[in-house]
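Asks: Okay, sequence plus prediction incoming.
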Amino acid sequence: MKVAIFDYGAGNIFSLKVALEKLNANVDVITSFDNVNNYDGLLLPGVGNFDPAIRSIRDYSSVQFQDYVKDKTPVLGICLGMEMFFEKSEEGKEHGLSVMDGEVILLPDKFKIPHMGWNSLKILKANPLLDGVPDSSWVYFVHSYRVKPKDSSVIIADADYGIEVPAVVSKANLFGTQFHPEKSGKVGSLMLGNFLRVCKK
């Protein structure tokens, strides 16, 4: 089991790497898509800002994200990584990866921003990423934005922060979490293990 974490150069991805290695994954950290994709899965971590992260994915490789993963390589986008799946974000001016239709919007200013801390999941439908995860499980969030998909069927779970925040999205080989599974204890570890099982298939 060999997976890659894409490093935007924005911050510490050590905790994610360690969490995956505890689940017996071999983990490489990559900074471009120029080498042959011989990975079972790819993770886009949740550290950084939208525009610099998008530019690091789009502009520093001769191969584009969509061509690298095609419809085969499972991808887990965490927080910012999930937000980049969409077409645009109020955090920046760059176009997103546009592998999911919709946008990323700022949380309403009547709420404390960023949304930081533990919150419970409301699971809306079954998904391989959530196998064995009980409804109302608590996970750890740190974010100021939320995704707004055009097609609500991609939303697998949400969280209540005075408004409903899409917490897990999924489409084909793409999975996204607004929270940080690597910081979410046993429940988060279970989800990362579920992702690795998807990668094995």
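Replies: Here it is on my side, so go on.

Asks: what's the model's confidence in the longest helix along the chain, averaged?
Replies: Longest helix in the chain, counting residues (DSSP state H): helix 185-200. Mean pLDDT, helix 185-200: 96.

Asks: Run through who's touching that helix.
Replies: Residues outside helix 185-200 that contact it (Cβ atoms under 8 Å, 6 or more residues apart in numbering) are 1, 3, 19-20, 22-23, 25, 40-41, 74, 76, 128-133, 137-140, 175, 177, 179-182, 184. Where C-beta positions appear, they are placed from N, C-alpha and C, glycine not excepted.

Asks: Can you dump the C-alpha atoms of that helix in CSV for me?
Replies: Taking Å, rounded to 0.1, in the frame of the first residue of the first chain, the C-alpha atoms of helix 185-200 are listed here in CSV:
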residue,chain,number,x,y,z
GLY,A,185,-8.8,10.3,17.2
LYS,A,186,-10.0,6.8,16.7
VAL,A,187,-12.9,7.9,14.4
GLY,A,188,-10.5,9.7,12.1
SER,A,189,-8.1,6.8,12.1
LEU,A,190,-11.0,4.5,11.1
MET,A,191,-11.8,6.8,8.1
LEU,A,192,-8.2,6.9,7.0
GLY,A,193,-8.1,3.1,7.2
ASN,A,194,-11.3,3.0,5.2
PHE,A,195,-9.6,5.2,2.5
LEU,A,196,-6.7,2.9,2.4
ARG,A,197,-9.0,0.0,1.9
VAL,A,198,-10.5,1.8,-1.1
CYS,A,199,-7.0,2.3,-2.4
LYS,A,200,-6.3,-1.5,-2.2
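
Asks: Sort out which residues of that helix are buried, please.
Replies: Neighbour counts over helix 185-200 (16 or more other Cβ atoms under 10 Å) mark 187-196, 198-199 as buried.

Asks: I figured D7 was touching I13, is that so?
Replies: Yes: using Cβ atoms under 8 Å, D7 is in contact with I13, at 6.0 Å.

Asks: Apart from its neighbours in sequence, what residue is nearest P128?
Replies: Spatial nearest neighbour of P128, excluding adjacent residues (Cβ to Cβ, 6 or more residues apart in numbering): V198 at 5.3 Å.

Asks: now the strands: where do they sit in this protein?
Replies: Taking DSSP state E, the strands of the chain run over residues 2-6, 26-30, 41-44, 75-78, 88-89, 102-106, 115-123, 138-143, 145-149, 155-160, 164-171, 174-177.

Asks: If you count contacts, what does the shortest one end up packed against?
Replies: Based on contacts counted as 3 or more Cβ pairs under 8 Å, 6 or more residues apart in numbering; DSSP states H and E, the elements that strand 88-89 packs against are strand 102-106.

Asks: Closest to the centroid, which residue in this structure?
Replies: When Cα atoms, centre = their mean is applied to the chain, the residue found nearest the centroid is G77 (1.9 Å).

Asks: wait, isn't it in contact with Q178?
Replies: No: using Cβ under 8 Å, G77 is not in contact with Q178, being 9.6 Å away.

Asks: tally of neighbours for V18?
Replies: 11 (other Cβ atoms under 10 Å).
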